[in-house]
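Enquirer: sequence and predicted structure below; questions after.
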Amino acid sequence: METNDRYQRGWEKLEEVDGKAGERVIESLKDIAPDFARLLIEFPFGDIYSRPGLDLKSREIAVVAALTALGNAAPQLKVHIHGALNVGCTEQEVVEVIMQMAVYAGFPAALNGLFAAKEVFAERRETKG
């Protein structure tokens, strides 16, 4: 993998938001799609997350909402719930954003999102505990 400014900026932002969870995602792609791993670092984190228009907390709230609304991205939702908490969201803010998605994506999507959040909150309590 070639290191460039986008990649370096993206890697730093990925670590800031997702920490070890983000690193595990990238590592898990190296044997099957290393180019995709590079793109995942460069575009979302190197280009989009690094833009000045929104702070990281706002970006993660938006991502949690979007992934909840999709309804078929539980693993990514869990990573981004961790990310939201890592950048300053409270558990209550995460719950509220997921509950709001019931209006736009339906109760099943919100329910699945709440169960994902419950798992993340429990996991974080166990690791602190």
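Expert: Noted; the coordinates are in hand. Residues are numbered from 1 along each chain as shown.
Enquirer: pLDDT weak spots in this structure?
Expert: For the chain, the stretches flagged by pLDDT under 70 are 1-3, 129.
Enquirer: what do you get if the cut-off is 90, keeping everything else the same?
Expert: Low-confidence segments of the chain, defined by pLDDT under 90, are located at 1-4, 19-25, 128-129.
Enquirer: domains in it, as residue ranges please.
Expert: Using automatic domain parsing, the domain ranges for the chain come out as 1-52, 54-129.
Enquirer: quick one: contacts for the residue nearest the centre of the chain?
Expert: Residue closest to the average C-alpha location in the chain (Cα atoms, centre = their mean): residue 80, at 2.1 Å. Residue 80 is in contact with 18, 60, 63, 64, 67, counting by Cβ atoms under 8 Å, 6 or more residues apart in numbering. In this view, the C-beta of every residue, glycine as well, is placed from N, C-alpha and C.
Enquirer: now for residue 77, how many residues are close by?
Expert: A count of nearby residues for residue 77, using other Cβ atoms under 10 Å, gives 25.
Enquirer: what residues sit buried inside the helix or strand containing it?
Expert: In this assignment (DSSP states H and E), residue 77 forms part of helix 74-86. For helix 74-86, burial by neighbour count (16 or more other Cβ atoms under 10 Å) applies to 74, 77, 78, 79, 80, 81, 82, 83, 84, 85, 86.
Enquirer: try stretch 62-76
Expert: Buried residues in stretch 62-76, counted by 16+ other Cβ under 10 Å: 63, 64, 65, 67, 68, 69, 71, 73, 74.
Enquirer: which of the domains of the chain sits most buried?
Expert: Most buried of the domains of the chain, by mean neighbour count (mean count of other Cβ atoms under 10 Å): domain 54-129, with a mean of 17.
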